[in-house]
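Q: any chance you can model this:
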Amino acid sequence: MKQFTLLLAVLLISFYSCAQQEPSEISAETPLKINYVTEVIVPELNIPWGMEFLPDGSILITEKTGTLIHFKDGVKTTIEGLPEVYVRGQGGLMDIKLHPDYENNGWIYFSYGSPEGEDEGGNTAIIRAKLNGNILADVEHLYKGVPNTKKGQHWGSRIEFDKEGYLYFSIGDRGNRDVNPQDITRDGGKIYRLHADGTIPNDNPFVDNADAKKAIFSFGHRNPQGMAMHPETGKIWVNEHGPKGGDEINVVEKGNNYGWPVISYGINYSGTKFTEITEKEGMEQPLFYWVPSIAPSGMAFVTSSNYPDWKDSVLVGSLKFLYLERLVIKDNKVSKREKLFEGLGRFRNIKQAPDGYLYAGVEGVGIVKIIPDSF
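A: Reported below is the predicted structural model:
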C-alpha cells in the first residue's frame, strides 16, 4: 500500500511539472510554423526594378520605363535629373543601390540602358549621383558596356557592394552568347568590380592583360538579375537566367569562368541543344540550378529576427511562375525549396530593409511588405 501511495505521489508531481512547463521550453522542442502575408506599401507600379530605403524610412524606386520615384508619407514624387534612358526589351532604368556610407557621402548608384556612344541602340551603364530635393545632382558616369546594340535581351543588371566597399555590377551577354561571355576583351556576360568612385582596383584579375576589359571580375555569365552579398562570408552571390532550363546561382570568385554557353544545364527555347556538356575543366559549377527555369530576379539573404523560421535562407523572385522562392542552404548546398505567395505576380526584386522587414517589388502590384499574419 505504501509503495502504491509513493508511486501515485511521483505521478502527480510529474503531471504537475509538465502542466507548469514554460511555453518557451515547449516551442524550443516543437518549433512553431509562422505564416506570412503581404501588405501593399506602394501601390500602382508597373515594373519596379529596384528599390532602396533612405535613412528617413522613405523609398527610392526605379521603374523600368525610366522613372525614378521617391515614396514618402504615402506620396509618390518623380525625381528629375536622370540621364536619357534607352528602354528596349528587358532594358531600361534598372537597379539602384546606396553607398554603404550614404549617410555621410550621399552617393546613390544606378544601372540603366544608355544610348550614349557611336552605335545605335544601347548598353548597360552605371552612374552615381546625389539627391538634392527632387533632383539628381552631381551625376557621374562610372562605366558603360560597349558596343551599343538594338537587341533587347540580357542587360543584367544588379548592383552590390561587398564588405570592403568594392562596387559590383552585372551586364548580361546582350543576346550575343557565342561571342561576349567567353571573351574578356568584350563587355557582356560578366560581373564587374570597381572602386566606389569608378576607378579600377589594381588587383582585378585582368588588369595586366593589355586587351582585356580591366573592370571584369568574372566571366561566362548569361544574364544575372539577382545579386547579394553573403552576410557572413562577404562573397557576392548572383542568380542568372538560363535558356530553357539551367537558371543558376553562382558564388562569384575573382577571375573565374562560369561556363556560359560552353557548359549549361539548359537547352534552346526550340528544344534543341546548343551544347552537349554540363561541366568542363576550368569552368565553375553552379551552387544550384533550376530545371525547369523559374526566370529568377532579385535576391536577398534573410538575417532578420522578424522571420525566425526563415533566418539564413535565400529568397529569389520567380518572374515565370509568379512566386517568391525560399532556398534553405546547408553545407553550401540547397537542402530545401519552398514556394511563397504563389500567384501574387512577377517578383522582380526582394530586399531586406533597415527596419528588418522584407519588401518585394511585384510587377503590376507595387512594393509589398512581408509580415507575420498575426500582426
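Q: ok, which stretches of the stretch 51-200 of the chain are helices?
A: For the stretch 51-200 of the chain, helices defined by DSSP state H, counting those that start in this stretch occupy the ranges 102-105.
Q: pass me the low-pLDDT residue ranges in the chain, would you?
A: Along the chain, the parts satisfying pLDDT under 70 run over 1-33, 374-375.
Q: my guess is residue 254 meets residue 218, correct?
A: Yes: Residue 254 lies in contact with residue 218 (C-beta atoms under 8 Å); the separation is 7.1 Å. Quick note: C-beta positions are derived from backbone N, CA and C, even for glycine.
Q: which of those two has more neighbours?
A: Taking other C-beta atoms under 10 Å, residue 254 and residue 218 do not tie; residue 218 has more neighbours (27 against 14).
Q: what's the more buried one in contact with, if anything?
A: Residue 218 makes contact with 190, 191, 205, 252, 253, 254, 255, 256, 257, 258 under the criterion C-beta atoms under 8 Å, 6 or more residues apart in numbering.
Q: let's see 6 Å
A: Counting by C-beta atoms under 6 Å, 6 or more residues apart in numbering, residue 218 makes contact with 191, 252, 256.
Q: same thing with residue 359?
A: 351, 353, 367, 369.
Q: so what sits opposite it in the bridge?
A: Beta bridges link residue 359 to residue 351, residue 369, judged by DSSP bridges.
Q: ok, residue 91 next?
A: Counting by DSSP bridges, residue 91 is bridged to residue 88.
Q: does it touch residue 157 like I think?
A: No: with contact defined as C-beta atoms under 6 Å, residue 91 and residue 157 do not form a contacting pair (8.3 Å).
Q: tally of neighbours for the residue nearest to residue 241 when sequence neighbours are not counted?
A: Using C-beta to C-beta, 6 or more residues apart in numbering and skipping the chain neighbours, the partner closest in space to residue 241 is residue 223 (4.2 Å). For residue 223, the neighbour count with other C-beta under 10 Å is 30.
Q: what of residue 67?
A: Residues lying near residue 67 (other C-beta under 10 Å) number 17.
Q: return the distance of it relative to residue 180.
A: Per C-beta to C-beta, to the nearest Å, residue 67 is found 29 Å from residue 180.
Q: contacts only, for residue 161.
A: Under the criterion of C-beta under 6 Å, 6+ apart, the neighbours of residue 161 are 100, 167.
Q: before we move on, what about residue 66?
A: By C-beta under 6 Å, 6+ apart, residue 66 lies in contact with 85, 87, 92, 93.
Q: buried among those residues? Make that a ChimeraX selection.
A: Here is the ChimeraX command that selects the buried residues among the contacts of residue 66 (16 or more other C-beta atoms under 10 Å):
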select :85,87,92,93
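Q: put together CSV for the contacts of residue 66, with distance to residue 126 on each row.
A: Shown next, in CSV, are the contacts of residue 66 (distance: C-beta to C-beta, whole Å):
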residue, distance to residue 126
85, 13
87, 17
92, 15
93, 12
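Q: relative to residue 116, which of the contacts of residue 66 is nearest.
A: Residue 116 lies nearest to residue 85 out of these, by C-beta to C-beta, at 11.0 Å.
Q: I'd assumed residue 114 was in contact with that closest one.
A: No: look at residue 85 against residue 114 with C-beta under 6 Å: they stay out of range, at 7.6 Å.
Q: enumerate every residue touching residue 226.
A: When contacts are counted by C-beta under 6 Å, 6+ apart, residue 226 touches 239, 296, 298, 299.
Q: of those residues - the most surrounded one?
A: Tallying neighbours with other C-beta under 10 Å puts residue 239 at the head of these, with 30 neighbours.
Q: secondary structure class for that one?
A: Here residue 239 is recorded as strand under DSSP: H, G, I helix; E, B strand; the rest coil.
Q: ok, now which ones touch it?
A: Contacts for residue 239 (C-beta under 6 Å, 6+ apart) come out as 226, 249, 296, 299, 316.
Q: wouldn't residue 243 be in contact with residue 265 here?
A: No: when contacts are counted by C-beta under 6 Å, residue 243 is not listed as touching residue 265 (9.6 Å).
Q: distance of residue 50 from residue 189?
A: In terms of C-beta to C-beta, residue 50 sits 21 Å off from residue 189.
Q: between those two, which one's more packed in?
A: Ranked by neighbour count (other C-beta under 10 Å), residue 50 and residue 189 place residue 189 first, with 31 against 25.
Q: thinking again about what came up before, I'd like the contacts of residue 239 as JSON lines, with secondary structure appended.
A: As requested, these are exported to JSON lines (three-state DSSP):
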{"residue": "226", "secondary structure": "strand"}
{"residue": "249", "secondary structure": "strand"}
{"residue": "296", "secondary structure": "strand"}
{"residue": "299", "secondary structure": "strand"}
{"residue": "316", "secondary structure": "strand"}
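Q: distance to residue 324 for these - can I get that in TSV?
A: Below are those laid out as TSV (distance: C-beta to C-beta, whole Å):
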residue	distance to residue 324
226	12
249	15
296	11
299	11
316	7
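Q: what's the burial count for residue 233?
A: 11.
Q: use 21 as the first number from now on
A: From this message on, residue numbering opens at 21, which makes the last subject residue 253.
Q: am I right that it is in a helix?
A: No: assigned with three-state DSSP, residue 253 falls outside any helix and is coil.
Q: so residue 339 touches residue 316, yeah?
A: No: contact criterion C-beta under 6 Å: residue 339 and residue 316 do not qualify, at 7.6 Å.
Q: circling back to that earlier point, just the closest of the contacts of residue 246 to residue 378, please.
A: Using C-beta to C-beta, the contacts of residue 246 come closest to residue 378 at residue 318, 10.9 Å.
Q: show me the contacts for that closest one.
A: 246, 337, 369, 370.
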